[in-house]
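S.K.: just need the structure, nothing else, for what follows:
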Amino acid sequence: MRSIDIHAHLTPQCFWKSTENGGDWHSLRREQDDRGREIAIVGDRRGGLPPKARWTPEERMTDMDSLGVDVHVLSPYSGFYNYSLDASVAVATSRDSNNEIAEMVKAWPERFAGLGTLPMQDVSAAITELERIMTTMGFKGAMIDDKVNGKLLDEPEFLPFWKAAEQMGALILFHQGDDTLVDYRTKRYHLPNSVGNLADRTITFCSLVMGGVMDACPDLKICLSHGGGYTCYNIGRIDRGWRGLPQAPTKPSLPPSEYLRRFHYDCIVYTEESLRFLIDTVGADRVLFGTDWPYDMEFDWPVSWILSLDSITQEEKDLILWKNLENLLDL
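M.R.: Numbers count the residues shown, from 1 in each chain. This is a model prediction of the structure:
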């Protein structure tokens, strides 16, 4: 049995090295708070970095072994999307991050695969970087935010990106990196992460379906992290809303529920009942193993958790833990 993790982040060593002793990495800096925790400073934003974010590849692999995880499909830290910064900064940090992932994949091809990061505020530059990592570096796709400086990804300006991703066979993993909807109401109780994250993912599903992207790109490969947010639980209400939409060129002829199996979903839903519901809604063949390594919402003992679940069959466990990703990404 294998286990392949689609949702495992990397804070590149080039960031840590460049920001030593007050230095900067393409204008990004870091400092420690009054408790000694590392803080990344990106423009006017500050983001906490857990201790494991600094680990070397060797330290990461030791931790993977302890968790029973064979492969990390690496994706750069989402706090470094840098969409709000000048595009030249996002291009530079994307290239550095992606180059480091490529080096890790080359050095340990049995342990790592790559999802890149892209300068999405410049669609042409994003396509160029996606082409570079897919065609010359053997990446499997990229990770992007649910929005780009407030714009959803069904805006017409992003359609060339989707066409390019489809043509290259790139898997696009959606993961929040900036403020969620909840941030505009409250930042208390960890709600932007525990609630807002899932709301944003649900909006992404709706925008790509009802905005016509999934019809325009029938072979597009997308994974919605964190179980797709509230998409599956709320699909009946989403269908109801679709029925009331006026006719428009992008309005799909089928209800959104018919698109559920066009997407993939990671298994980060935390309870057996939620995972069983996800499987029953979209099928075990659309659910991918993920952990959110090494951030605060990371699963504890993720492989053991999956294996312990009584309501999940062994066939379903195998699909989730490794078979789906092995087939999807040709690993």
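S.K.: got the contact list for stretch 65-75?
M.R.: With Cβ atoms under 8 Å, 6 or more residues apart in numbering as the contact definition, stretch 65-75 has outside contacts at 2-10, 60, 64, 101, 104-105, 110-117, 140, 143, 173, 175, 291, 293, 301-304, 322, 325, 329, 331. Yep, even glycine has a C-beta here, placed from its N, CA and C like the rest.
S.K.: repeat the analysis, applying 6 Å as the threshold.
M.R.: Stretch 65-75 is contacted from outside by 2-6, 8-10, 101, 112-115, 143, 303, using Cβ atoms under 6 Å, 6 or more residues apart in numbering.
S.K.: need the longest helix for the chain.
M.R.: Longest helix in the chain, counting residues (DSSP state H): helix 87-107.
S.K.: list the helices and strands it packs on?
M.R.: Packing partners of helix 87-107 (3 or more Cβ pairs under 6 Å, 6 or more residues apart in numbering; DSSP states H and E): strand 112-116, helix 123-135.
S.K.: what's the angle between the first one and helix 87-107?
M.R.: Same thing as strand 112-116. 170 degrees (axes from the mean of the first three to the mean of the last three Cα atoms, to 10 degrees).
S.K.: what about the spatially closest residue to D219 that is not a sequence neighbour, how many neighbours?
M.R.: Excluding its sequence neighbours, the residue lying closest to D219 (Cβ to Cβ, 6 or more residues apart in numbering) is E166, at 5.2 Å. By the measure other Cβ atoms under 10 Å, the count of residues near E166 is 17.
S.K.: may I have stretch 228-240 as PDB, with CA atoms only?
M.R.: C-alpha atoms of stretch 228-240 as PDB (Å, rounded to 0.1, in the frame of the first residue of the first chain):
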ATOM      1  CA  GLY A 228     -14.500  21.200  -1.700                       C
ATOM      2  CA  GLY A 229     -15.800  23.300   1.200                       C
ATOM      3  CA  TYR A 230     -19.600  23.300   1.500                       C
ATOM      4  CA  THR A 231     -20.100  22.400  -2.100                       C
ATOM      5  CA  CYS A 232     -21.400  18.800  -1.600                       C
ATOM      6  CA  TYR A 233     -23.500  19.500   1.500                       C
ATOM      7  CA  ASN A 234     -25.100  22.600  -0.200                       C
ATOM      8  CA  ILE A 235     -25.500  21.300  -3.700                       C
ATOM      9  CA  GLY A 236     -29.300  21.100  -3.600                       C
ATOM     10  CA  ARG A 237     -29.500  24.800  -2.700                       C
ATOM     11  CA  ILE A 238     -27.000  25.600  -5.400                       C
ATOM     12  CA  ASP A 239     -29.100  23.700  -8.000                       C
ATOM     13  CA  ARG A 240     -32.100  25.600  -6.800                       C
END
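S.K.: contacts for that stretch?
M.R.: Against stretch 228-240 from outside (Cβ under 6 Å, 6+ apart): 198, 201-202, 205, 255-257, 265, 278, 281.
S.K.: report the buried residues of it.
M.R.: 228-235, 238 (16 or more other Cβ atoms under 10 Å).
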